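Asks: below are the sequence and a predicted model; questions follow.
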Amino acid sequence: MADLETNPLGLTFTNRFTRDLPADPIVENTRRQVHGACFSRVEPTPTAAPRLIAHSAEVAELLGISPEHVATEAFAAVFNGNLVTADMDPYAMCYGGHQFGNWAGQLGDGRAIALGEVRAADGSFQTLQLKGSGPTPYSRGADGRAVLRSSIREFLCSEAMFHLGVPTTRALSLTLSGDDVMRDMFYDGRSAFEPGAVVCRVAPSFLRFGSFQLFPARDDVDTLRTLVEWTIRTDFAHLGAPDDGPVPNDIITKWFAEICRTTADLMVHWMRVGFVHGVMNTDNLSILGLTIDYGPYGWLEGFDPEWTPNTTDAGRRRYRYGNQPAVAHWNLVQLANAIAPLYAPDDASGLSDEEAEAAFREQVRPLQDAVDSFATRFDTGWNEMMAERLGFSGLRADDNELFGELGRVLQLVETDMTIFHRRLADVDVAGATQATDDALVAAIADAWYVEPTDEQRGEMATWLRRWADRVIADDRASGTAADERIAQMNAINPKYVLRNWMAQLAIDRSEAGDHDGITELLEVLRLPYDEQPDYEDRFFVKRPEWARERAGCSMLSCSS
Ligand code: AMP
Ligand code: MG
């Protein structure tokens, strides 16, 4: 272990994951199936010419990396994988998962290598993980690299989500590697070289549902138990598991129930901001309820529950916007199945097969209850979120019908969800009853992608009047002033989100050598709920027509 003083960035590595959990005994970097281990030690592959092109000042500060350190060559070298100091303990995680509903067996970090875990300035533990830093034992046929376009998307979206208040892994840095990476962007036989890049992701834990699925799939309940107990003691210390000895089942149940809750809450956030993950495989769901693995994600522009950004998923649309809560639920069922073997009765001797089965069912009932609670948690959270974003002080029994009607009206003509919700606060509620349809819908008319017919305008106006009545009664009953309510609405309905074409414009510039578009977007997205009038004309606008069918804007693939 190196003298911590010598860490060139002033970081203090703690490395509890690799210190405590079973390691793959093989250290050669060859593709293989790894058994009985949570990770494989592997070094990042050095790149040709590391160059920092963007970083998050907030994440650097969280980690205690000073601006002077960020400016050093060592910073770019460390976060490109070219400088590994003796206090780091680099590794790739071993996990499995269901991809598009099918069990895929071992997956693992094929192109992510954690440098180790550090103690952050606020006392929290944070793992620093490089994405795109070369092959690992889990790379299967692929190269372990990432291209600039997908790295820009991951970097920007991680930070945008954080500033929106959505739980997420963070991004410290975006570095160019100086290496070219070959990609077939649409799997259509047209491969091309693209600039390679590395993002340093930061999170208290990168464990996924799939991390817990692989062991039971191989009948390795011992390693499963080791990982579950370690996770509960380390990342869920508030559950009060004993320091030694087995973690009792009721604490395991509490742990799982917490994952159900945080996952439900995450889905409410995604639905609110219009985020579509695109690849909600079980290896891409975090046990901390964080948004993780930014790939072919997209942001809803026209409100359409059927929309998916992922061309790989275009046929079945499993991961479409409106299906995300149902998929999260399905994924939780898989996680419950994975940990169920821990609930097997200690002593089944003397029981018939039927009795043993019945005893087991009894044992796992709390897991079933926790899974079932997902729907209630999500529904309640979603209804409360909707009430808040529409400016109500609480939820009324008939609100659900009003929300459902809004969903219908928003789909009569293509309507931008973000602009609609933001502009709603500008509608003159006091004058709504008297106003003509045209005057009433004027405030939100910017959100329409096409001119609605008079009838469609009328339907929107009818909904707005109903909503206005509800708001006026609510303001009166709760003693809320109009400007207070407007401020409340603007604090939950973002004005600026990372629209797909905005990211693509920054990518186009960056690929041409001008990286300022990335920093500019980061700047705007730092304050998504603020008015920021200087940015309004460019970034508080509907998707331009050119972006409707453009690759990277409406069509994304897993090739990244
Ligand atoms: P994803 O669904 O994109 O999160 O990735 C699924 C699996 O493929 C994970 O095990 C990744 O680590 C792996 N993977 C994706 N891209 C690459 C790559 N370029 N090289 C190696 N492994 C990759
Ligand atoms: Mg993944």
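Replies: Nice, I can see it. Ligands and ions are numbered 1, 2, ... in the order given.
Asks: need the outlier residue of the chain, farthest from its centre.
Replies: Among residues of the chain, the one most distant from the C-alpha centroid is G350; the distance is 47.6 Å, by CA atoms, centre = their mean.
Asks: sec struct for that one, please.
Replies: G350 carries the three-state label coil when classified by DSSP: H, G, I helix; E, B strand; the rest coil.
Asks: what segments of the stretch 301-450 of the chain are helices?
Replies: Using DSSP state H, counting those that start in this stretch, the helices assigned to the stretch 301-450 of the chain run over residues 324-339, 353-389, 399-409, 417-424, 437-441.
Asks: where in the protein is pLDDT low?
Replies: In the predicted model, the chain carries pLDDT under 70 at residues 1-6.
Asks: mind checking the backbone torsions on the residue farthest from the centre of the chain?
Replies: Note on G350: its backbone torsions stand at phi 90, psi -10 [degrees, to the nearest 10].
Asks: how about T291?
Replies: Per-residue torsions, T291: phi -70, psi 130 (degrees, to the nearest 10).
Asks: please name the nearest non-neighbouring residue to T519.
Replies: Closest residue to T519 in three dimensions, ignoring its sequence neighbours and counting by CB to CB, 6 or more residues apart in numbering: A54, at 5.8 Å. All C-beta spots, glycine's among them, are computed from the backbone N, C-alpha and C.
Asks: relative to ligand 2, which residue of the stretch 201-350 of the chain is the closest?
Replies: The nearest approach of the stretch 201-350 of the chain to ligand 2 comes at D293, 3.9 Å away (CB to the ion).
Asks: got the contact list for that residue?
Replies: By CB atoms under 8 Å, 6 or more residues apart in numbering, the residues touching D293 are 279, 283-284.
Asks: top of these by number of neighbours, please.
Replies: Comparing the contacts of D293 by number of neighbours (other CB atoms under 10 Å), D283 comes first, having 25 neighbours.
Asks: now do the SS call for the spatially closest residue to that one that is not a sequence neighbour.
Replies: What sits nearest to D283 in space, not counting adjacent residues and going by CB to CB, 6+ apart, is G97, at 3.0 Å. Recorded secondary structure, G97: strand (three-state DSSP).
Asks: when you give positions from now on, start the count at 8
Replies: Happy to do that; since the first residue is 8 now, the last one works out to G104.
Asks: so G104 makes contact with N338?
Replies: No: using CB atoms under 8 Å, G104 and N338 do not qualify as a contacting pair, with a distance of 9.2 Å.
Asks: can you count the residues close to the residue nearest to D290?
Replies: 25.
Asks: for ligand 1, tell me which of the contacts of D300 show up nearby.
Replies: Intersecting those with the contacts of ligand 1 gives 286, 291 (criterion: CB under 6 Å from any ligand atom).
Asks: what residues sit buried inside the longest strand seen in the chain?
Replies: Counting residues, the longest strand found in the chain (DSSP state E) is strand 177-190. Using 16 or more other CB atoms under 10 Å as the burial criterion, the residues of strand 177-190 that qualify are 177-184, 186, 188, 190.
Asks: from D229, how far out is the residue nearest to L342 when sequence neighbours are not counted?
Replies: Distances taken as CB to CB, 6+ apart place F216 nearest to L342, at 4.5 Å, with adjacent residues excluded. With the distance defined as CB to CB, to the nearest Å, F216 ends up 20 Å from D229.
Asks: so between the two, which is more surrounded?
Replies: Per other CB under 10 Å, whichever of F216 and D229 has more neighbours is F216, with 27 against 11.
Asks: still on that earlier bit, nearest to L234, of the buried residues of strand 177-190?
Replies: Closest to L234 out of the buried residues of strand 177-190 is R177 (23.5 Å), distances taken as CB to CB.
Asks: and the closest residue to the closest one other than its chain neighbours, what are its bridge partners?
Replies: The shortest distance from R177 to any residue that is not its chain neighbour, by CB to CB, 6+ apart, is 4.3 Å, and that residue is V209. According to DSSP bridges, the partner residues bridging V209 are L135, R177.
Asks: burial count for V209?
Replies: By other CB under 10 Å, 23 other residues sit near V209.
Asks: pretty sure it sits against S180.
Replies: No: with contacts defined as CB under 8 Å, V209 does not count as touching S180, sitting 9.4 Å away.
Asks: any chance of CSV for the helices of the stretch 308-457 of the chain, columns mean neighbour count?
Replies: Converted to CSV, those look like this (neighbours: other CB atoms under 10 Å):
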stretch, mean neighbour count
helix 331-346, 20
helix 360-396, 16
helix 406-416, 15
helix 424-431, 22
helix 444-448, 18
